[in-house]
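Enquirer: any chance you can model this:
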Amino acid sequence: MMAFAVLIGGQLLSFIGTTLTAMAVGIWVFEETGSLVSFAWLLILTLVPAILILPFGGLIADRLPRKPAMIVVECLSVSTSAAVLALMASGRLEIWHLFVHAALNGVALGLQRPLYESTTPLMVPKERLGSVNGIVHSVAGLGQVLAPVMAGTLVFTIGLERVLMLDLATFLFALACLLAVRVPNPPREEKAAGENSGRAFFEDVAKGWRFVTQRPGLLALFGFVTLRNFFFATCEVVVMPLLLVVTTPEKAGAVLSAGGLGVIAGGLAMGYLGRSRRLVTWIIAAQGLTGIAMIVGGIVTDLTVIAVALSLAFLAFPIEEASSTTIMQRKVPAALLGRVSSVRNIMAMSAPPLAMIIAAPLAGEVFEPMMQDNGSLAGSFGLFIGTGEGRGMALLLFLSGLLTLGLTILGFFSTRLRNLEAELPDYEAYHAGEERRSGSVPEVFAPDLVTPQPMGTR
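Expert: Numbers count the residues shown, from 1 in each chain. The predicted structure is shown next:
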């Protein structure tokens with residue numbers, strides 16, 4: 001556990017630095033160009049390469065020695081930040097350099113996620129996976145919540161160059177932590193003769209997807225979390241502009257900080273819930289809490305109530321993320337976990353940009369005019385949401401909350417989802433602290449890892 005604490009501690013600090021820098025770069029680009037399109041391209045150029053590389057990142061995690069692969073990914077991240085810093089120091093930095101930087105960071109992210117998610121159960125005892133994942137996701141979530149507030153302050157006080165230096169320092173710290181620990185490798189699949197062809201390579205990549213689709217409960221879980229990410233992303237699009245309508249930027253930042261407290265509380269809650277064998281129940285309950293918080297946030301204008309609602313919504317985040325990650329790590333064999341992790345991350349990461357593309361024009365160009373004093377919805381939704389500036393965004397938040405509650409109800413009545421943990425057996429042989437008698441995958445998993453196992457508990 002100490003080795004994992006050192007490894008993941010470095011990674012979490014690096015993640016916070018990267019998140020902060022990404023937001024700071026976006027603010028700097030917007031200040032330099034005045035273009036929202038350029039700002040949006042930075043987000044797109046981070047997410048799209050990550051999504052495209054994830055299937056191969058999963059295979060790399062399952063096939064190559066873990067520590068060298070992690071070192072290469074860290075070096076990629078360090079080199080891109082160092083290059084941007086050198087260009088800025090020499091006065092030759094151009095906007096397109098930052099676009100390339102964002103794309104390469106996206107590639108590193110797509111390679112990194114499966115590597116670390118599939119390494120966790122090799123270094124952490126199975127009974128502590130939930131608690132550990134809760135801590136990891138709460139720290140990561142806290143970084144995402146506070147990054148917009150901190151980035152704006154840092155860009156205008158110490159400048160982008162020093163922000164990049166901080167980011168580079170966190171990368172180097174993470175690399176030092178990685179070099180200091182021993183990282184175990186997963187067992188290898190037994191490969192049939194003649195399997196080293198290009199066709200076999202793509203078949204190996206696809207094994208993660210086939211494993212998930214042949215286990216409907218696991219597919220239902222991934223789909224449930226993906227839809228949750230979609231609805232929650234619509235909330236993230238409108239919450240800051242909505243706050244700026246009703247209060248000052250300083251008070252809006254304070255309200256967003258309440259979301260950070262919620263993330264911490266959610267991580268602490270996972271310390272207790274993490275050993276549960278009914279994590280799906282907590283995922284569904286957390287989803288319902290998020291829906292209620294979004295509905296309340298759309299109806300009220302009182303900052304205290306909004307802060308409480310926001311903290312409850314963010315409290316649910318580490319519970320859902322940590323629980324779904326833990327279930328995946330319990331149910332998937334170590335030799336295939338990288339590829340299954342890539343499937344989960346492709347689904348989860350594809351939802352937010354799609355939601356943002358839809359939510360921004362829907363709130364600003366459709367709902368805002370309808371929710372003005374004489375708008376077409378003033379006599380219906382306007383009666384309890386209110387009318388005027390910002391109430392179109394509030395309506396979108398309210399409707400997203402209703403859809404989130406609807407998803408919660410569907411999840412509760414889905415037997416595939418609710419019974420996932422009972423019906424799909426744990427793959428226990430490869431969790432940390434348990435006996436490993438062979439370096440290869442036993443017959444129950446090989447040669448075809450996608451054959452569904454008999455239903456029942458183990």
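
Enquirer: from residue 426, how far out is residue 102?
Expert: Per CB to CB, to the nearest Å, residue 102 is found 39 Å from residue 426. (C-beta placed from N, C-alpha, C; glycine too.)

Enquirer: which of those two has more neighbours?
Expert: residue 102 (23 against 16; other CB atoms under 10 Å).

Enquirer: quick one: contacts for that one?
Expert: By CB atoms under 8 Å, 6 or more residues apart in numbering, the residues touching residue 102 are 22, 25, 41-42, 45-46.

Enquirer: before we move on, what about residue 411?
Expert: Contacts of residue 411 (CB under 8 Å, 6+ apart): 224, 283-284, 287, 417-418.

Enquirer: where are the low-confidence patches of the stretch 351-458 of the chain?
Expert: 428-458 (pLDDT under 70).

Enquirer: what's the one helix or strand in the chain whose mean pLDDT sits lowest packed up against?
Expert: The helix or strand of the chain with the lowest confidence, counting by mean pLDDT, DSSP states H and E, is helix 129-157 at a mean of 77. When contacts are defined as 3 or more CB pairs under 8 Å, 6 or more residues apart in numbering; DSSP states H and E, helix 129-157 packs onto helix 2-33, helix 95-123, helix 160-180, helix 249-273, helix 303-331.

Enquirer: any idea which of the ones you listed is most buried?
Expert: Counting by mean count of other CB atoms under 10 Å, helix 303-331 has the highest mean neighbour count of those, with a mean of 24.

Enquirer: pLDDT of that helix, averaged?
Expert: In this model, helix 303-331 carries a mean pLDDT of 90.

Enquirer: just want the angle from it to helix 249-273.
Expert: 40 degrees (axes from the mean of the first three to the mean of the last three CA atoms, to 10 degrees).

Enquirer: helix 303-331: how far from the chain's middle?
Expert: Counting by CA atoms, centre = their mean, to the nearest Å, helix 303-331 is centred 11 Å from the centre of its parent chain.

Enquirer: ditto for stretch 54-65
Expert: With CA atoms, centre = their mean, you get 19 Å for stretch 54-65.

Enquirer: same check on stretch 114-128?
Expert: On CA atoms, centre = their mean, the centre of stretch 114-128 falls 17 Å from the chain's centre.

Enquirer: then stretch 91-101?
Expert: 26 Å.

Enquirer: what residues does it touch?
Expert: Counting by CB under 8 Å, 6+ apart, residues outside stretch 91-101 touching it are 25, 29, 32-33, 38, 41-42, 45, 80-81, 83-84, 87.

Enquirer: ok so, going back, would you format the helices and strands packed on helix 129-157 as TSV with distance to residue 133 included?
Expert: Shown next, in TSV, are the helices and strands packed on helix 129-157 (distance: least, CB to CB, whole Å):
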stretch	distance to residue 133
helix 2-33	10
helix 95-123	7
helix 160-180	19
helix 249-273	7
helix 303-331	4
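
Enquirer: out of the ones you listed, the one nearest residue 144 is which?
Expert: Between residue 144 and the helices and strands packed on helix 129-157, the tightest spacing by CB to CB is seen for helix 2-33, at 5.8 Å.

Enquirer: what is the closest one packed up against?
Expert: Secondary elements touching helix 2-33 (3+ CB pairs under 8 Å, 6+ apart): helix 36-63, helix 66-89, helix 95-123, helix 129-157, helix 160-180.

Enquirer: show me the one of these that comes nearest residue 358.
Expert: Per CB to CB, nearest to residue 358 of the helices and strands packed on helix 2-33: helix 36-63, 13.6 Å.

Enquirer: most surrounded residue in the contacts of residue 411?
Expert: residue 287 (27 neighbours).

Enquirer: find the nearest non-adjacent residue to that residue, please.
Expert: Excluding its sequence neighbours, the residue lying closest to residue 287 (CB to CB, 6 or more residues apart in numbering) is residue 408, at 4.6 Å.

Enquirer: same question, residue 424
Expert: Residue 424 sits nearest to residue 331 (CB to CB, 6+ apart), 5.0 Å away.

Enquirer: surely the one you found is in contact with residue 344?
Expert: No - Residue 331 is not in contact with residue 344 according to CB atoms under 8 Å; the separation is 11.5 Å.

Enquirer: anything in contact with each of the two?
Expert: Common neighbours of residue 331 and residue 344 (CB under 8 Å, 6+ apart) do not exist.

Enquirer: filter the contacts of residue 411 down to just the ones in helices.
Expert: By the criterion of DSSP state H, membership of the contacts of residue 411 in helices covers 224, 283-284, 287, 417-418.
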